[in-house]
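>>> Provided below for reference: sequence and predicted model.
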Amino acid sequence: MPQAQPELKKYLDKRLFVQLNGSRKVIGVLRGYDVFLNIVLDEAVEEKAGGEKVKIGMVVIRGNSVVMLEVWDPSSQSPWLVIYVPTATAY
């Protein structure tokens, strides 16, 4: 059976908010991705718990640490489009 691929092509070069395991948050421009949802963000900023923002530049985020992606889309009625990323199923 062929593996399903994330359909993120239309979000390339758009700004994403990425929630990670451990309540970590990163905001950046999507530059690339693969079938495992590993993503490359440019101009990335990590948002710390106290509201502090740390510039981290270009970053590769491993797909299994991604909990949720939000995409800024000013052309839609709701400017945020939420992409739910289901966690792996245990066998």
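Everything's here; your move. The shown structure was predicted, so the numbers you read here are calculated from the model rather than taken from an experiment. Numbering: from 1, shown residues only.

>>> Any regions of the protein where pLDDT drops low?
Flagging of the chain using pLDDT under 70 yields the residue ranges 1-3, 72-91.

>>> For residue 54, grab the count of nearby residues.
10 (other Cβ atoms under 10 Å). No exception for glycine: its C-beta is placed from N, CA and C like everyone else's.

>>> wait, I meant residue 45
Neighbours around residue 45, by other Cβ under 10 Å: 15.

>>> need the contact list for residue 33.
6, 8, 39-40 (Cβ atoms under 8 Å, 6 or more residues apart in numbering).

>>> so can I have CSV of those showing secondary structure?
Shown next, in CSV, are those (DSSP: H, G, I helix; E, B strand; the rest coil):
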residue, secondary structure
6, coil
8, coil
39, strand
40, strand
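
>>> most surrounded residue in those?
Top of the contacts of residue 33 by neighbour number is residue 39, holding 24 neighbours under the definition other Cβ under 10 Å.
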